[in-house]
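Student: my questions are about this predicted structure, shown below with the sequence.
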Amino acid sequence: MRPVYVISDGMVYADIVLWAVFGPVALVALAFTVRAVIGWMGLAREAEEDFAYRRDQAMIPADIERDAFVSTYRRVNAPRTSTYAAATLWGVLLATPVIAKIMEVLLDGLWQVTGRPRAIEPGYLVWAFLIFFGLFGAWAGIAYLAARRYHRRAPGRLEDELKALSGRS
């Protein structure tokens, strides 16, 4: 049974501790989301301006088209860190209730299969520790997957990408 906290006016609030943890995480995720959106907003215009400047100054090969340059510029200069951080934090927030429920069902099944020992009885210390560390493990797994994708998809420097785009290694 989960704890229920009764506040003075007869209003009932459950899981206050959960909100104390997830509230700040949601605020940080929101901050990263806003930062990523602001970063993405002017990127296409900035790429167009940079293309025009580089073309006027003969700083890029003549065979590179505007669309190819803009897409390469956006990929290289995108606010990747903010975007991935926001996506990871939102993923953690959304996956946590599902993961917790799955762990609860699995632990209950383990408890039933092993003859209902008092050591892992639902609601007691070992049960709570298993869920606690299981959630941390799941969060670490989500962060690992996001970091792996972030680094695998990392572009090189703009000059190197433009050389590869024009066919000159």
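Tutor: On my side now, so go ahead.
Student: against residue 90, how distant is residue 26?
Tutor: Distance of residue 26 to residue 90, given as Cβ to Cβ, to the nearest Å: 8 Å. From N, CA and C alone the C-beta is placed, and that goes for glycine too.
Student: before we move on, what about residue 108?
Tutor: Remark: distance between residue 108 and residue 90 (Cβ to Cβ) = 28 Å.
Student: compare these two (neighbour count), which wins?
Tutor: Between residue 108 and residue 90, counting by other Cβ atoms under 10 Å, residue 90 is the more crowded of the two (16 against 13).
Student: so what's the more buried one up against?
Tutor: By Cβ atoms under 8 Å, 6 or more residues apart in numbering, the contact list for residue 90 reads 29, 33.
Student: what's the helix or strand for it?
Tutor: Using DSSP states H and E, residue 90 sits within helix 80-113.
Student: in that helix, what counts as buried?
Tutor: Within helix 80-113, the residues scored as buried using 16 or more other Cβ atoms under 10 Å are 80, 82-92, 95-96, 99, 103, 107, 111.
Student: then stretch 28-38?
Tutor: Buried residues in stretch 28-38, counting neighbours by 16+ other Cβ under 10 Å, are found at 29, 32, 33, 35, 36.
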